[in-house]
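# what's the 3D shape of this:
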Amino acid sequence: MTPLETTPLRATTSNSRPGFTMPPLSCDAHFHVFEPGYAHVPEPLYTFPEGTLDQYLRLTEWLGIERMVLVQPTFYGTDTSLLLDVLRKVGTRCRGVVRIEDSVTDAELDRFHEAGVRAIRLDLFARASWPTDELIAYIRAMAERARPRGWHLQFYTPGAVVRTLLPFLTVFEHPFVIDHMGYGMDLDGLLRLLAGGHCYLKLSGPYRWKTDVAPLARALVEARPDRLLWGSDWPHLPDGQRDTGELLNLLGDWAPSPEDRHQILVEAPNRLFYEQ
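Model prediction:
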């Protein structure tokens, strides 16, 4: 099968419809794509998932999502071939978040920007054992690569690492996003980060937590809806057996105000992905 060839579509009707009106230009700020024909890392953390671009685009039509952000998964490491092909195929309504090697050239980063990339993803799970000073040096170095292009950083990180980095992150003067509501981070710590002026949080991956995230999500919405994004985390690894519409409807519970949902689904993605 050639890359991005049309594949059988997962039934979208198995997903719930949104229980609220999706505002124009609503954005899913966190999805992944997996296609046959692209090389993956030698020892991936999961088997090849079912999650093609055609399946995802059909789902967005069903849910009323007009814009989307493709996040480079660990499955493909730093090989951005599929991500760049998806950005070319979908066009400007899709943006990308890349994982990069330290040795990547400025010319390659410029090529990524032209393709629609707007952020660098930092895998702090893989670096959780690093000393704090080395983590901070790494984050600063990645910010220097991102800054000339107006990009932000995205942290894929356990909550324990965020807690360790709190004194640094609360004063870090570069925009950054923390995936999956902090992945176990406590509310007080997250509110400290949001008060710092440069942090955004993704309301994504609630099934990754071992506890009910609803009280946390509601408190975050009440405090700083302008610093939140919603992401489907599609195709919901590792098993893919999730109702994406049901996950979207959690946002209606966490953010009952249409004005707050507009900030989360439209305004915050605008600032981070579409105004550069």
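# which helix in this protein runs the most residues?
helix 132-146 (DSSP state H).
# Would you mark the buried spots in it?
Of the residues in helix 132-146, Leu135, Ile136, Ile139, Met142, Ala143, Arg145, Ala146 count as buried by neighbour count, 16 or more other Cβ atoms under 10 Å. In this view, the C-beta of every residue, glycine as well, is placed from N, C-alpha and C.
# I'd like the next helix or strand past it.
Note on helix 132-146: by DSSP states H and E, the next helix or strand toward the C-terminus is strand 152-156.
# and that following strand, what's its mean pLDDT?
Mean pLDDT, computed over strand 152-156, is 97.
# Run me through the strand neighbours of it, direction for each.
Using DSSP bridges, the strands paired with strand 152-156 are strand 117-123 (parallel), strand 176-178 (parallel).
# can you state the direction angle for the first one and helix 132-146?
By that I understand strand 117-123. Taking axes from the mean of the first three to the mean of the last three Cα atoms, to 10 degrees, one finds strand 117-123 and helix 132-146 inclined to each other by 170 degrees.
# hmm, back to that, buried deepest among the strands paired with strand 152-156, which one?
Compared across the strands paired with strand 152-156, strand 176-178 shows the largest average neighbour count, a mean of 24 (mean count of other Cβ atoms under 10 Å).
# Determine how far that strand lies from the middle of the whole chain.
9 Å (Cα atoms, centre = their mean, to the nearest Å).
# what's the answer for stretch 232-243, then?
With Cα atoms, centre = their mean, you get 14 Å for stretch 232-243.
# So what touches the helix or strand hosting Glu114?
If you go by DSSP H and E, Glu114 is part of helix 106-115. Applying Cβ atoms under 8 Å, 6 or more residues apart in numbering, the external contacts of helix 106-115 come out as Thr80, Leu84, Leu87, Arg88, Gly96, Val98, Ile100, Arg145, Pro148, Arg149, Trp151.
# would you list every one of the helices in the stretch 151-276 of the chain?
159-169, 187-195, 214-223, 244-254, 258-262, 268-269 (DSSP state H, counting those that start in this stretch).
# Among the contacts of helix 106-115, name the buried ones.
Judged by 16+ other Cβ under 10 Å, buried ones among those: Thr80, Leu84, Leu87, Gly96, Val98, Ile100, Arg145, Arg149, Trp151.
# Could I get those in TSV, plus columns for distance to Met22?
Formatted as TSV, these follow (distance: Cβ to Cβ, whole Å):
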residue	distance to Met22
Thr80	30
Leu84	28
Leu87	23
Gly96	22
Val98	27
Ile100	33
Arg145	34
Arg149	30
Trp151	27
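# Report the two of these separated the most.
Leu87 and Arg145 (18.9 Å; Cβ to Cβ).
# on that earlier part again, for the helix holding Glu114, C-alpha coordinates in PDB please.
Presented in PDB, the C-alpha positions along helix 106-115 are these (Å, rounded to 0.1, in the frame of the first residue of the first chain):
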ATOM      1  CA  ASP A 106      17.900  25.700  10.800                       C
ATOM      2  CA  ALA A 107      17.200  25.000   7.100                       C
ATOM      3  CA  GLU A 108      15.200  21.900   8.100                       C
ATOM      4  CA  LEU A 109      13.300  23.800  10.800                       C
ATOM      5  CA  ASP A 110      12.400  26.500   8.200                       C
ATOM      6  CA  ARG A 111      11.200  23.800   5.900                       C
ATOM      7  CA  PHE A 112       9.000  22.500   8.700                       C
ATOM      8  CA  HIS A 113       7.600  25.900   9.300                       C
ATOM      9  CA  GLU A 114       6.600  26.300   5.700                       C
ATOM     10  CA  ALA A 115       4.900  23.000   5.900                       C
END
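# Contact partners for Asn249?
So Asn249 contacts Ser16, Pro18, Gly19, Phe20 (Cβ under 8 Å, 6+ apart).
# got any ranges where this structure has weak pLDDT?
1-13 (pLDDT under 70).
# just to revisit the earlier point, and the longest helix of the chain, how far out from the chain middle?
How far helix 132-146 lies from its chain's middle: 20 Å, per Cα atoms, centre = their mean.
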